[in-house]
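Q: Sequence first, predicted model second:
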Amino acid sequence: MQSQQDKSGLSDADLARAAQKGDMGAFEELVARHRDKIYARAYSMVRNEEEALDLSQEAWVKGWQRLAQFQGEASFATWMTRIVINLCVDELRKQKRLRAESIEMLEGESGGVERYMPVTMPNPAAGLERTELRRRIDRALDQLSAEHRTVLVLHEFEGLGYREIAGHMGCSIGTVMSRLFYARRRMALLLAGLKRENEE
């Protein structure tokens, strides 16, 4: 049996093959190599540290359980990224249903969402505009479907190309392009609407 130190020189493909034969040490090396990237993918989609941690850990559990399905056609990192993206998409769909109800309740109360914003900021003059923009972007993203939001996040925030996104999401490049076109147009309209709301 190879020691953990020896494994650091192996390729991902070799480690995956060893892990498929039950070598937990090989799988642990894969986790050590890619956990930050998988967590970053989850965080870019759910934008919540605890949820991203839970989802990335769940992705690794699923990765171990489904290891026999890994054929090596794509890289191990790509295969794991697809697992975490699918988990995030499911989570976002679930949250969207719950959020629709909670936003209606919040907006019905005096002060609405703004009441839940932090009261004090270290440098209000410098930070206010950036915070407001981030809040508007977050609110606009929340109104996109999980599919449109995922495409937008992966392309605009993660810098992935159409082909790579299509691979992760299991759809055609044409579908990615049309979803991205729709998501950008919808975001522009939502941001303009939120800006007007703020100015009134």
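A: Thanks, I have the structure now. Please read all numbers here as calculations on a predicted model, not as lab measurements.

Q: Kindly report the domain assignment for this structure.
A: Here the chain is described, according to automatic domain parsing, as comprising the domains 1-111, 117-200.

Q: got a list of what the residue nearest in space to the middle of the chain touches?
A: Residue closest to the average C-alpha location in the chain (C-alpha atoms, centre = their mean): residue 45, at 2.4 Å. Applying C-beta atoms under 8 Å, 6 or more residues apart in numbering, we find residue 45 in contact with 52, 85, 88-89, 92, 149-150, 153. To be clear about C-beta, it is placed using only N, CA and C from the backbone, and glycine gets the same treatment.

Q: Mean pLDDT for the domains of the chain - can I get that in TSV?
A: What follows is the domains of the chain, written out as TSV (pLDDT from 0 to 100):
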stretch	mean pLDDT
domain 1-111	85
domain 117-200	79
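
Q: what's the residue nearest to the centre of the chain sitting at in phi/psi?
A: phi -90, psi -40 (degrees, to the nearest 10).

Q: Ok, the one 5 residues further on next?
A: Backbone torsions for residue 50, taken as degrees, to the nearest 10, come to phi -60, psi -40.

Q: and it, how many neighbours?
A: When neighbours are defined as other C-beta atoms under 10 Å, residue 50 has 8 of them.

Q: Give me the buried positions along stretch 191-199.
A: Within stretch 191-199, the residues that count as buried by 16 or more other C-beta atoms under 10 Å are residue 194.

Q: hmm, I was thinking of stretch 18-35
A: For stretch 18-35, the neighbour count (16+ other C-beta under 10 Å) marks 18-19, 23, 26-27, 29-31, 34 as buried.

Q: Pull the residues that contact it.
A: Contact with stretch 18-35 is made by 1-2, 4, 7-8, 10, 12, 14-16, 56, 60, 64, 67-68, 70, 76-77, 80, as judged by C-beta under 8 Å, 6+ apart.

Q: now stretch 69-89
A: With C-beta under 8 Å, 6+ apart, stretch 69-89 has contacts from 12-13, 15-16, 20, 30, 34, 37-38, 41-42, 45-46, 55-56, 58-60, 62-63, 66, 146-147, 150, 154, 164, 167-170.

Q: Just the buried residues of those residues.
A: By 16+ other C-beta under 10 Å, those give 12, 15-16, 30, 34, 38, 41-42, 45-46, 55-56, 59-60, 63, 146-147, 150, 154, 164, 167-169 as buried.

Q: In helices only, show me these.
A: Of these, the ones assigned to helices by DSSP state H are 12, 15-16, 30, 34, 38, 41-42, 45-46, 55-56, 59-60, 63, 146-147, 150, 164, 167-169.

Q: which residues of this protein fall in strands?
A: Taking DSSP state E as the criterion, the chain contains no strands.
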